[in-house]
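>>> sequence and predicted model, in that order:
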Amino acid sequence: MSRAIKAQLVKYSRLAHERGLTAAFGGNMSIRKGNLVFIKATGAVMDEMTGEQVAVIDMKGRQVSGVRPSSEYRLHLEIYHKRPEVTAIAHLHPPYSITASTIIDVELPIITPEAEIYLKRIPIVPFRPAGTEELARIVAETMCHSDAAIMENHGIVTVGRSLREAFYKAELVEESAKLWYLSRKG
C-alpha cells in the first residue's frame with residue numbers, strides 16, 4: 001500500500017513541475033491514509049522526486065519514517081483535521097496565482113464553467129510566514145468553506161478525495177488566475 005501511495009506522490013509531483021505549477025524546491029503534496037500522512041520530504045525537488053523522498057508522519061505530526069517531512073506539514077495536518085473527508089492535498093507555487101495574490105485582496109474571480117463547478121470560489125488568504133502554525137490555522141479555517149485557496153505571496157492549496165482530484169483542482173486555480181490576469185491586459 002505505501003509503495004502505491006508513494007508512486008502517486010512521485011507522479012503528481014513531477015507532473016506539477018512539468019506543467020509549471022511549481023519550481024525548484026517549492027510546493028508539496030500529501031495523501032492521508034488512516035492515521036498516517038505521506039508527504040514530500042523536506043528539501044526534495046518536485047521534478048526529481050523518488051519514493052525515498054516521501055516522508056511519513058502521523059496525524060499528530062510525529063515522524064514515522066526516516067525522512068523528515070516538508071516544513072509545511074502543519075498546513076496539511078491542520079486541513080486534514082478540519083476536513084476529515086479530504087484524503088489528499090496539493091500545495092503548489094504557480095506564477096499566475098501568486099501574481100493574482102499581490103493584486104486581489106479577497107477572492108479570485110471565477111471565469112470558467114469548470115472552475116464554477118469544481119471550485120465554486122477561490123479565496124485569497126492574507127500573508128503569513130511559510131511553515132508556521134499561524135499559516136496552517138488561517139488556511140485550514142478558509143478551507144472549511146472551499147476546496148481551493150491562494151496564499152498571498154506564497155502559492156495555492158487544493159484538496160480532494162484523491163491526489164488526482166486535488167491536482168486537477170490546482171490546475172483549475174492556476175488557469176483561473178491566468179485568465180483573470182490576461183483579461184486585465186485588454
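On my side now, so go ahead.
>>> shouldn't residue 123 be in contact with residue 142?
Yes. Because the distance of 5.3 Å satisfies C-beta atoms under 8 Å, residue 123 is recorded as touching residue 142. To be clear about C-beta, it is placed using only N, CA and C from the backbone, and glycine gets the same treatment.
>>> neighbour count winner among these two?
residue 142 (20 against 15; other C-beta atoms under 10 Å).
>>> chain center to the helix or strand containing the more buried one: distance?
Residue 142 belongs to helix 133-143 when assigned by DSSP states H and E. Relative to its parent chain, helix 133-143 has a centroid offset of 13 Å by C-alpha atoms, centre = their mean, to the nearest Å.
>>> for it, buried residues please.
By neighbour count with 16 or more other C-beta atoms under 10 Å, helix 133-143 contains the buried residues 135-136, 138-140, 142-143.
>>> with stretch 54-65 instead?
54-57, 65.
>>> closest to residue 36 out of those?
Among the buried residues of stretch 54-65, residue 56 lies closest to residue 36 (C-beta to C-beta), at 5.7 Å.
>>> the closest one and residue 39: what is the separation?
As defined by C-beta to C-beta, to the nearest Å, residue 56 lies at a distance of 8 Å from residue 39.
>>> one more: residue 91?
Shown here: residue 91 relative to residue 39, a distance of 10 Å by C-beta to C-beta.
>>> shared neighbours, the two?
Common neighbours of residue 91 and residue 39 (criterion: C-beta atoms under 8 Å, 6 or more residues apart in numbering): 28-29, 76.
>>> please, which helix or strand holds residue 29?
Residue 29 belongs to strand 28-33 when assigned by DSSP H and E.
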